[in-house]
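Chemist: the amino acid sequence is not available; the structure is as follows:
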């Protein structure tokens, strides 16, 4: 890797990491009291796809350990936001579904963060946001596929 490419890579990842930290801070402050980003992310995932998922599938989707996902799911279950049941095909496994209360909590969280997101998009401009999405998506897909 030449110096120019190295400097570009360092700058790219520095910007991504800094933006990630800043977005997480703003998002955390915007979410309803007691809701963590990980809770919102799981509820949003379950609500968007509308199908049950196993804890292992959720852990893979979010690129976290099974232990981390189990911790998040335990908190969501205690709050009544999800239902966890045995997998009828293999009782050693479990299946997770969003509850009506979880759907309401997710909807409340979306309503709470919408003004912050709308403000950011308004400041950047719709066209610029649309233009960067394919690049961010491609970067994510390359990172998800792992090292070549």
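Modeler: On my side now, so go ahead. These numbers were taken from a predicted model, which means no experiment stands behind them.
Chemist: give me the number of residues near residue 69?
Modeler: 22 (other CB atoms under 10 Å). Yep, even glycine has a C-beta here, placed from its N, CA and C like the rest.
Chemist: roughly how far apart are it and residue 145?
Modeler: 21 Å (CB to CB, to the nearest Å).
Chemist: what comes up buried for the lowest-mean-pLDDT helix or strand in the chain?
Modeler: Among the helical and strand segments of the chain, the one scoring lowest on mean pLDDT, DSSP states H and E is strand 90-98, with a mean of 91. Residues 94-96, 98 are the ones in strand 90-98 that count as buried (16 or more other CB atoms under 10 Å).
Chemist: quick check on residue 83: phi, psi?
Modeler: phi -120, psi 130 (degrees, to the nearest 10).
Chemist: what does the one 4 residues further on give?
Modeler: Note on residue 87: backbone dihedrals following degrees, to the nearest 10 are phi -70, psi 120.
Chemist: pairing partners for it in the sheet, please.
Modeler: Counting by DSSP bridges, residue 87 is bridged to residue 90.
Chemist: for it, give me its contacts.
Modeler: 54, 93-95 (CB atoms under 8 Å, 6 or more residues apart in numbering).
Chemist: which of those lies closest to residue 132?
Modeler: Of all the contacts of residue 87, residue 132 sits closest to residue 54, with 33.4 Å by CB to CB.
Chemist: what's the burial count for that closest one?
Modeler: There are 17 residues near residue 54, going by other CB under 10 Å.
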